[in-house]
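Asks: need a 3D model of the sequence below.
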Amino acid sequence: METQNQLNYERIAKAIEYIKANFKSQPSLDEIADKVHISQSHFQRMFTDWAGTSPKKFLQFISIEHAKKILKEEKATLFDTAHETGLSSTSRLHDLFINIEGMTPMEYKNGGKNLQINYSFAESPFGSLIVASTPKGICYMAFEENDEMALKNLLNKFPNAAFQRKLDLMQQNALFIFQNDWSKLNKIKLHLKGTDFQLKVWESLLKIPMGGLSTYGRLAESIGNPNASRAVGTAIGSNPVAYLIPCHRVIQSTGNFGEYMWGSTRKTAIIGWEGAKVDSQI
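Replies: Here you go, the predicted structure:
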C-alpha cells in the first residue's frame with residue numbers, strides 16, 4: 001500500500017516531468033496542478049511542504065541558466081581549499097560527515113562470502129529506497145519503489161553474503177541526512193567495494209557542496225587526470241550509494257542535467273530540492 005509520502009513524491013515527479021517537457025510554454029500553476037489531478041491550492045501547499053519553496057521559485061533551481069551560473073562559480077572555487085574551509089556547515093555536509101573505506105579483497109572476494117549485511121527499506125523525499133550495511137559502514141543505498149526488485153539488486157551485488165533484514169544504527173544515522181535537522185547527524189561511514197580509481201572518484205564527489213554542481217571534465221581534473229572524463233563518468237555510473245555519494249550533482253557542461261542511474265526526473269527533483277534548501281539558509 002502506498003504511503004502519503006510516496007504519493008506526494010509521485011505527484012511531484014509527474015509535475016517536474018510536465019514542467020521539463022513544456023518549459024518553453026511556461027505552464028501555469030493551474031495547468032501543472034491539473035496534470036497531477038489535484039487543486040491548485042493543494043498542489044502549492046504539497047509542493048512547498050516538500051521543497052521548502054514555491055513551485056515558481058523551484059523552477060529557477062532546475063533551469064539551465066541556474067545550472068550554468070553554479071558551474072561558473074564552481075570553476076573558480078570548488079577545489080579551492082580556502083573556500084572549502086569557509087563554507088557553511090550545510091554546504092560542507094558531505095565532505096565533513098561522510099567517510100569512505102574501501103573493502104579489502106578478502107571482504108568482497110567470492111561474491112562477498114565473508115560479509116554479514118543488514119538491510120532495510122525506507123522512505124525519502126525522493127521515493128522509496130533500500131539501505132544496506134556491513135559492520136564497518138553503509139555498503140549500498142538505492143532508490144527503488146519495488147521492495148522485491150530492490151532486494152534482488154542488492155543480492156546481485158553480493159551474491160554470497162549473509163543477509164538479515166534489520167534496521168541498524170548505522171542505517172538510521174545515514175537516513176538522518178534527509179531530515180532538516182543535521183545537528184543529530186553523526187559521521188557516516190561507507191564501506192565500499194570498488195577499484196582504487198572508483199574510490200578516488202567517489203571521494204571527489206563528496207567535495208561538491210550541497211546546492212553545488214560540477215561536470216565530468218572538472219572531476220577528472222580534480223583527481224589529477226584531466227583526460228579521464230569518460231572513465232570518471234563510468235565510475236560515477238557505478239556509484240553504489242545513492243544520495244550519500246552525490247553523483248546527482250554532476251551534470252553536462254552545457255547546463256543540461258543529463259542521465260542518472262535512478263532516473264533523470266529524480267535527479268532534477270534532488271537538484272531543485274537541494275538548491276531550495278541552501279537558498280533558504282542564505
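Asks: CA atoms of the strand or helix carrying Leu175 as PDB?
Replies: Using DSSP states H and E, Leu175 maps to helix 169-175. As requested, the backbone C-alpha atoms of helix 169-175 are provided in PDB (Å, rounded to 0.1, in the frame of the first residue of the first chain):
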ATOM      1  CA  LEU A 169      22.100   2.300  14.000                       C
ATOM      2  CA  MET A 170      24.400   2.800  11.000                       C
ATOM      3  CA  GLN A 171      21.500   2.900   8.600                       C
ATOM      4  CA  GLN A 172      19.400   5.100  10.900                       C
ATOM      5  CA  ASN A 173      22.200   7.600  11.100                       C
ATOM      6  CA  ALA A 174      22.600   7.600   7.300                       C
ATOM      7  CA  LEU A 175      18.900   8.200   6.800                       C
END
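Asks: contact partners of it?
Replies: Residues outside helix 169-175 that contact it (CB atoms under 8 Å, 6 or more residues apart in numbering): 118, 120, 122, 124, 131-133, 137-138, 141, 185-186, 188-189, 244. Every residue, glycine included, has its C-beta placed from N, CA and C.
Asks: tell me the first helix or strand C-terminal of it.
Replies: The helix or strand immediately downstream of helix 169-175 is strand 188-192, counting by DSSP H and E.
Asks: which helix or strand lies directly C-terminal to that following strand?
Replies: The helix or strand immediately downstream of strand 188-192 is helix 196-205, counting by DSSP H and E.
Asks: what strands line up against the helix or strand following that next one, and which way round?
Replies: Downstream of helix 196-205, the first helix or strand assigned by DSSP H and E is strand 214-215. Pairing partners of strand 214-215, with direction, according to DSSP bridges: strand 250-251 (parallel).
Asks: show the pLDDT at the nearest residue to Thr53 once chain neighbours are set aside.
Replies: Sequence neighbours aside, Ala276 is the residue nearest to Thr53 in space, at 4.1 Å (criterion: CB to CB, 6 or more residues apart in numbering). According to the prediction, Ala276 has pLDDT 90.
Asks: and Ala276, what is it in contact with?
Replies: Each residue near Ala276 by CB under 8 Å, 6+ apart is listed here: 51-53, 57-58, 61.
Asks: make CSV out of those residues and add distance to Lys72.
Replies: Compiled in CSV, the contacts of Ala276 are given as follows (distance: CB to CB, whole Å):
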residue, distance to Lys72
Ala51, 24
Gly52, 25
Thr53, 22
Lys57, 21
Phe58, 21
Phe61, 16
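Asks: most neighbours among these, please name it.
Replies: Using other CB atoms under 10 Å as the neighbour criterion, Phe58 leads these with 25 neighbours.
Asks: which helix or strand contains it?
Replies: Using DSSP H and E, Phe58 maps to helix 55-61.
Asks: check Lys20 too.
Replies: Lys20 belongs to helix 4-21 when assigned by DSSP H and E.
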